[in-house]
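Asks: generate a structure from the sequence data that follows.
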Amino acid sequence: MATCLLIPTPYAPKCHRSPTPKITCSSLTGQAQTAKRHLLSLIADQDRGIKTQKDPARRASIVEAIDAMAVLGRDTVTTGTSLSATWRLLWTTEKEQLFIVENARLFGTQAGDVLQVIDVEKMTLNNVITFPPDGAFFVRSGIEIASPQRVNFRFTSAVLRGKNWEIPLPPFGQGWFESVYLDDELRVVKDIRGDYLVVDRAPYDWKE
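Replies: The predicted model follows:
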């Protein structure tokens with residue numbers, strides 16, 4: 001998703017009292033692609049963040065790369081309809097999610113895709129951890145748009161589901177997250193607790 005900015009050029013002719021703005025869509029897109037490749041290369045071998053927990057130097061490098069993405073996305077609106085999608089976890093610092101992903105085998109299963117399913121029109125958010133082939137743990141939330149990049153959320157219900165059974169669980173909590181970068185492929189997020197999230201658009205739509 002290209003973003004166009006008007007940037008003053010320092011090489012305007014001397015007869016001009018003010019710099020002549022020029023549109024730099026391609027250069028910004030190039031910067032974004034380079035920054036994305038760098039971030040994705042840093043998280044590629046981190047097992048969705050599990051390995052990063054024991055590697056402070058790698059974590060610092062990833063956070064630095066996320067901050068660079070945030071600079072590229074700082075003047076964009078990331079809470080519009082393009083936020084609506086099934087987003088698939090690539091990397092996070094959220095300890096609760098990582099604990100479940102890492103320890104699912106203790107319960108005789110393994111974690112599949114970890115998802116955020118957002119519908120801006122319906123003002124809903126599902127946080128989902130799948131346990132193939134039939135299981136899932138998901139938390140439903142209501143959301144509201146708080147700013148061009150911030151979304152407030154409040155948990156409304158939670159469910160642990162197997163093939164032929166379902167257990168409702170009491171949800172609690174509320175907070176906010178900011179999508180500091182968003183394009184057609186990738187979303188980079190910071191939240192109220194200082195955690196980070198890197199997700200891509202899943203090649204499918206998750207439904208309850």
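Asks: other residues contacting the helix ranked longest in the chain?
Replies: Looking across the chain with DSSP state H, the single longest helix is helix 25-43. With contacts defined as Cβ atoms under 8 Å, 6 or more residues apart in numbering, helix 25-43 is touched by 2-5, 49, 52, 58, 61-62, 65-66, 68-69, 72, 90-91, 181, 183, 185-186, 188, 198. For glycine as for every other residue, the C-beta is placed from the backbone atoms N, C-alpha and C.
Asks: try stretch 110-120
Replies: Stretch 110-120 has contacts (Cβ under 8 Å, 6+ apart) with 48, 79-81, 83-89, 97, 100-101, 104, 124-132, 143, 145, 197, 199, 202, 205-206.
Asks: do that again at 6 Å, thanks
Replies: Contacts of stretch 110-120 with the rest of the structure, by Cβ atoms under 6 Å, 6 or more residues apart in numbering, involve 81, 83-84, 86-89, 101, 104, 125-130, 132, 206.
Asks: contacting residues for Pro56?
Replies: With Cβ under 6 Å, 6+ apart as the criterion, no residue contacts Pro56.
Asks: going through the contacts of helix 25-43, which ones are buried?
Replies: In terms of neighbour count (16 or more other Cβ atoms under 10 Å), the buried residues within the contacts of helix 25-43 are 49, 52, 58, 61-62, 65-66, 68-69, 72, 90-91, 181, 183, 186, 188, 198.
Asks: show me where this structure has its helices.
Replies: With DSSP H as the criterion, the chain has helices at 25-43, 56-72, 95-103.
Asks: hmm, back to that, please work out the average pLDDT along the longest helix of the chain.
Replies: Helix 25-43 carries an average pLDDT of 85.
Asks: just the CA atoms of it, as PDB, please.
Replies: Output of helix 25-43 as PDB, limited to C-alpha atoms (Å, rounded to 0.1, in the frame of the first residue of the first chain):
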ATOM      1  CA  CYS A  25       5.300   7.700  -3.500                       C
ATOM      2  CA  SER A  26       7.900   5.300  -4.900                       C
ATOM      3  CA  SER A  27      10.700   6.200  -2.600                       C
ATOM      4  CA  LEU A  28       8.500   5.800   0.500                       C
ATOM      5  CA  THR A  29       7.200   2.500  -0.800                       C
ATOM      6  CA  GLY A  30      10.800   1.400  -1.400                       C
ATOM      7  CA  GLN A  31      11.700   2.400   2.200                       C
ATOM      8  CA  ALA A  32       8.700   0.400   3.500                       C
ATOM      9  CA  GLN A  33       9.600  -2.700   1.500                       C
ATOM     10  CA  THR A  34      13.200  -2.500   2.800                       C
ATOM     11  CA  ALA A  35      12.100  -2.000   6.400                       C
ATOM     12  CA  LYS A  36       9.600  -4.900   6.100                       C
ATOM     13  CA  ARG A  37      12.200  -7.300   4.700                       C
ATOM     14  CA  HIS A  38      14.500  -6.400   7.500                       C
ATOM     15  CA  LEU A  39      11.900  -6.900  10.200                       C
ATOM     16  CA  LEU A  40      10.700 -10.200   8.700                       C
ATOM     17  CA  SER A  41      14.200 -11.500   8.500                       C
ATOM     18  CA  LEU A  42      14.800 -10.700  12.200                       C
ATOM     19  CA  ILE A  43      11.700 -12.600  13.300                       C
END
